[in-house]
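# this is a predicted model, with the sequence first.
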Amino acid sequence: MPKTKTQLATFAAGCFWGIEYKFNQVKGVVNTTVGYTGGHFKNPSYKDVCSDETGHAEAVQVEYDPKQVTYEQLLDVFWSLHDPTQLNRQGPDFGSQYRSAVFYHDEEQKKAAIKSKEKLGKSGKYKKPIVTEIVPASTFYKAEEYHQKYWLKNKNYVCHI
């Protein structure tokens, strides 16, 4: 029996602990990894990223089976997890590392993300404009092991979501 080919999606929406937890609940998500992306500093640590000087965002890379969940459905989950009108912050966390961003891996993802953002913007759900960046995926640096599946290691703590 042939193995199903998976795809990647990468999202930033504030603290990556809670975002990872929520994406892990989605049927069709095969794996999640938290890390740092979108910056200019090679091999950043959590401490580096928290300095707000590396340009990286805390992000979640989602490996998914497109036969079970579509990229558009993952975008719907992404929008539901945070306030996309907050610039460089989510809840009590602030700094560019907590920005809202979709890091697309191909032109289809780019088009879907733009369309989804426009639809949400026109929906009237938010009074302020959506500030979510839609940018090409770049090098993704896996966060330290203690950040991976944080909710499992810390009595189901999942951040501010």
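Alright, I've got the coordinates. Numbers count the residues shown, from 1 in each chain.

# got the buried residues for stretch 91-98?
93, 96, 97, 98 (16 or more other Cβ atoms under 10 Å). (Each C-beta comes from the backbone N, C-alpha and C, glycine too.)

# contacts only, for the third one.
Pointing back at residue 97 there. With contact set as Cβ atoms under 8 Å, 6 or more residues apart in numbering, residue 97 has these partners: 36, 49, 50, 52, 54, 56, 57, 58.

# tell me if it really is in a strand.
No. Using DSSP: H, G, I helix; E, B strand; the rest coil, the secondary structure at residue 97 is helix, not a strand.

# which pLDDT does the model give it?
At residue 97, the model reports a pLDDT of 94.

# which residues of this protein score low on pLDDT?
Applying pLDDT under 70 to the chain flags residues 1-3, 156-161.

# let me have the buried residues of stretch 91-98 in CSV, adding distance to residue 67 as columns.
CSV is the format used below for these (distance: Cβ to Cβ, whole Å):
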residue, distance to residue 67
93, 35
96, 36
97, 34
98, 33
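
# biggest separation within those, which pair?
Greatest spacing in the buried residues of stretch 91-98, by Cβ to Cβ: 93 and 96 (11.1 Å).

# who touches residue 50 in this structure?
Residue 50 touches 95, 97, counting by Cβ under 8 Å, 6+ apart.

# re the thing from before, restricted to strands, list the contacts of residue 97.
36, 57, 58 (DSSP state E).

# partners of the last one in the sheet?
Using DSSP bridges, the beta-bridge partners of residue 58 come out as residue 36.
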